[in-house]
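With the sequence up front, the predicted model follows.
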Amino acid sequence: MAREAAEKPPEEILSLWKREQAQLKALLVEQDTEAWQRDPAFSGLQRVGGVDLSFVKGDSASACASLVVLSYPELEVVYEDCSMVNLTAPYMSGFLAFREVPFLVDAVQRLQEKEPHMVPQVLFVDGNGVLHHRGFGVACHLGILTDLPCIGVAKKLLQVDGLENNAQHKEKIRLLQAEGDTFPLIGGSGTVLGMALKSHSHSSKPLYVSVGHRISLESAVRLTRSCCRFRSPEPVRQADIRSRDYIRRTLGSPRPPPEQERSQKLQKPKVCPKEGSEEPAGEGSPPETHS
DNA sequence: GCGACAG
DNA sequence: ATCTTGTCGC
């Protein structure tokens, strides 16, 4: 049933994907387009969204795609959509969107149809925006396909355009002192591709923020700061937590070793190796928890 | 053969 | 992404 995702796509496909990224990139807007983005207190911002995918452990093709919407500035979850999906494309650095974005777009469209008033005014995406091999990461891709402002938030530095996670980079990280401290990620051409941000006082590893669509880097970093209760922005963190929980509740224990299985084994003793029986004859029926 | 490699 | 418990620290 759960086919594995496809093998590495042939060069021909990668060429098509690169062309598509280039075409969509022409539509990219890397500045603030909304009034609330320029407001010192983000007045007018009421809903922030987050998306993420979590995978079933042994299966690189089965995942739970989740979209959550939080109230701003309270950061309380007001909408959640989790759904199991079967991925087709394999993961390839530089082409993450072709693997994950179709399911995220689906989730956004479901929301737009069913509860348009709940559509978020900005989406936090787990991955990069313009900090990308061809300047068009998954956050840009999702932004263009949904026409929503998007912010790319990665947990690891994507080493592109001269950016390296070398000793100097690590030293800059070490110099990030207080929560909110940043340093620019400057590409070979001198362009600022993103910002490393210490998003939480107790986090030694920074967040790598970059523009997805319809927001400036300055606003993106400022809003990311404003949405972090812990290391990652609350919308993404909630999407992550809830997608994992959904998997655990769904496939986590389809058949939690019921007592019946144990009695069957006793009735049909297959093997009784050696003398020591490790299992105390007792039972361990996990209290069925409902809801 | 070795290093890179968002999620 | 996932494999993984306890553990050190505030």
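Happy to help now that I have it. As the structure is a prediction and not an experimental result, all values here were calculated from the model.

Quick check: A:Asp59 vs A:Leu207, distance?
Distance of A:Asp59 to A:Leu207, given as Cβ to Cβ, to the nearest Å: 29 Å. All C-beta spots, glycine's among them, are computed from the backbone N, C-alpha and C.

Can you pull the residues of the stretch 51-200 of chain A lying near DNA strand B?
A:52-53, A:60, A:91, A:93-97, A:126-128, A:132, A:137-139, A:152, A:154-160, A:165 (Cβ under 7 Å from any atom of the strand).

ok so, going back, same drill for A:Asp59 and A:Leu207, tell me which one is more crowded.
Looking at A:Asp59 and A:Leu207 with other Cβ atoms under 10 Å, you find the greater number of neighbours at A:Leu207, namely 24 against 16.

what residues does chain A put near DNA strand C?
Counting by Cβ under 7 Å from any atom of the strand, the residues of chain A lying close to DNA strand C are A:53-55, A:57, A:60, A:126, A:155, A:244.

Most neighbours among those, please name it.
Sorting the residues of chain A next to DNA strand C by how many neighbours each has (other Cβ under 10 Å) puts A:Asp126 first, at 24 neighbours.

Can you give me the buried ones in stretch A:37-46?
Of the residues in stretch A:37-46, those buried under the neighbour-count criterion (16 or more other Cβ atoms under 10 Å) are A:37, A:42, A:45-46.

what does stretch A:80-97 give?
Counting neighbours by 16+ other Cβ under 10 Å, one finds that the buried residues in stretch A:80-97 are A:81-82, A:85, A:87, A:89-90, A:94-97.

how distant is it from the center of its chain?
Centroid displacement of stretch A:80-97 relative to its chain, using Cα atoms, centre = their mean, to the nearest Å, is 10 Å.

gap between the two ends of it?
Stretch A:80-97 stretches 21 Å from its first residue to its last (Cα to Cα, to the nearest Å).

Show me where the stretch 151-291 of chain A has its strands.
Listed in chain order, the strands of the stretch 151-291 of chain A (DSSP state E, counting those that start in this stretch) span A:182-186, A:192-197, A:207-213.

Can you say which of the ones you listed is packed in most?
When the strands of the stretch 151-291 of chain A are scored by mean count of other Cβ atoms under 10 Å, the highest mean neighbour count falls to strand A:207-213 (a mean of 29).

how about that one, does it reach DNA strand B?
No: applying Cβ under 7 Å from any atom of the strand, one finds strand A:207-213 out of contact with DNA strand B, separated by at least 7.6 Å.

by how many degrees do that strand and strand A:182-186 diverge?
In this structure, strand A:207-213 runs at an angle of 60 degrees to strand A:182-186, with axes from the mean of the first three to the mean of the last three Cα atoms, to 10 degrees as the basis.

In its sheet, which strands sit next to strand A:207-213, and in what direction?
Strand A:207-213 has the following sheet partners, assigned by DSSP bridges: strand A:150-154 (antiparallel), strand A:192-197 (antiparallel).

Tell me how far the first one lies from the chain's centre.
Which is strand A:150-154. Its chain's C-alpha centre and that of strand A:150-154 lie 9 Å apart, by Cα atoms, centre = their mean.

Check what contacts stretch A:102-116 and list those residues.
A:51, A:53, A:63, A:65-67, A:69, A:79, A:81, A:83, A:85, A:87, A:118-119, A:123, A:125, A:142, A:145-146, A:148 (Cβ atoms under 8 Å, 6 or more residues apart in numbering).
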